[in-house]
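Undergrad: sequence-free structure coming up:
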């Protein structure tokens, strides 16, 4: 008698990818969902990864919340940009012209409006414990700090002047307040005619001594979760810096990305590329490129966000797209929704592991087929007692492509 566990063609075939080398392309079925009505300007995951917040332009900047798994629209708020979740996920903090606005995520209604009186707000960030809000000013290179709970402005600090320049702008602000360090990316324009002359840099500012700690040329940057390490890229080199000292920890060569995202365990770096259109996933432990998401029908990848649990990647492509990450196991269930079976890694390389449960003793057969249904490997029939099993399958001889694993 055959065991109850059965994988049918429609519901329980498992898509696998194999290749002779390390680099593997991700199959289209790794797309969880897509919203073709949204062209995102910014994407953030909530701390528990249950929802994503997406800023997009509808004539006036709108932030909408979507269910991470289903992609269903939950609720929206008009008039918020450069927003972030508070550490508890209960609020969104963003900017509206010269104001900093805090919005309740449960109802998407305004909680508090922080009046600056200091000119245009460029970017905002939230302290590590959520007790402070930081905003950089667009009229000068400086910042202000507010107490989140009371709404009181704590201090206003001028960081740099625009002596000799005709205009200046801030590209990005990030704060590591546990180390009392504020990062600012800025551009100063000194001359437009007859030849354009400008300065593009980012620098670290000590908020205790009110002095610059170190600076670098303009580049893309992102913090580790504890904000003690800084990941940045310039040209085709990736750097990891110690935030406190600015010292370079290590480097690897990469293609120049449009955006970068880092997993919380700092094992994976996700790079979005515009030309050619793709996402690259790098293993920071081995310093090797492991996966590539490609989409030849769309223009480019950008505005990439990686979930806190590393299960999902959301990005602009050029619309809003949610992908499943490839390095986590593929989990299957039998027709009754019980007895999970796991295949990993998927995509695979030279070997995959298939873990499955048998709820009734009997014979079963495992096989691998190609997209045409032709059997590539037939592992024959085998008797299994009731229980959990694990089988390693050598796939090193398979060419790069999409395959199905079937158990019956």
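TA: Thanks, I have it. Bear in mind the structure is a predicted one, so any value in this text is a computation, not a measurement.

Undergrad: I'd like the next helix or strand past the helix or strand bottoming out on mean pLDDT in the chain.
TA: For the chain, using mean pLDDT, DSSP states H and E, the weakest element among its helices and strands is strand 24-25, scoring a mean of 34. Downstream of strand 24-25, the next assigned helix or strand under DSSP states H and E is strand 31-35.

Undergrad: What's the first helix or strand after that next one?
TA: Counting by DSSP H and E, the next helix or strand C-terminal to strand 31-35 is strand 40-45.

Undergrad: what helices or strands is that following strand leaning on?
TA: Here strand 40-45 touches strand 51-57, strand 81-85, strand 302-306, strand 312-316, going by 3 or more C-beta pairs under 8 Å, 6 or more residues apart in numbering; DSSP states H and E. Yep, even glycine has a C-beta here, placed from its N, CA and C like the rest.

Undergrad: where does residue 305 land on pLDDT?
TA: At residue 305, the model reports a pLDDT of 90.

Undergrad: again with residue 396
TA: Looking at residue 396, its pLDDT is 75.

Undergrad: circling back to that earlier point, of the helices and strands packed on strand 40-45, which approaches residue 240 most closely?
TA: strand 302-306 (16.3 Å; C-beta to C-beta).

Undergrad: who's in contact with the closest one?
TA: Residues from elsewhere that reach strand 302-306 (C-beta atoms under 8 Å, 6 or more residues apart in numbering): 40-45, 52, 258-263, 268, 270-272, 274, 279, 312-317, 325.

Undergrad: and if you look at stretch 172-181?
TA: Stretch 172-181 is contacted from outside by 122-128, 132, 134-136, 143, 182-185, 202, 204-208, 213, 221, 223, 226-228, 243-244, using C-beta under 8 Å, 6+ apart.

Undergrad: and the helices and strands packed on strand 40-45 as a markdown table, adding mean neighbour count?
TA: What follows is the helices and strands packed on strand 40-45, written out as a markdown table (neighbours: other C-beta atoms under 10 Å):
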| stretch | mean neighbour count |
| --- | --- |
| strand 51-57 | 22 |
| strand 81-85 | 20 |
| strand 302-306 | 22 |
| strand 312-316 | 25 |
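
Undergrad: Next, format those as JSON lines and append distance to residue 147.
TA: Below are those laid out as JSON lines (distance: least, C-beta to C-beta, whole Å):
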{"stretch": "strand 51-57", "distance to residue 147": "23"}
{"stretch": "strand 81-85", "distance to residue 147": "17"}
{"stretch": "strand 302-306", "distance to residue 147": "28"}
{"stretch": "strand 312-316", "distance to residue 147": "32"}
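
Undergrad: Mind checking those for the one nearest to residue 67?
TA: Checking the helices and strands packed on strand 40-45 against residue 67 by C-beta to C-beta gives strand 51-57 as the closest, at 6.2 Å.

Undergrad: quick one: contacts for residue 224?
TA: Residue 224 makes contact with 230, 231, 262, 266, according to C-beta under 8 Å, 6+ apart.
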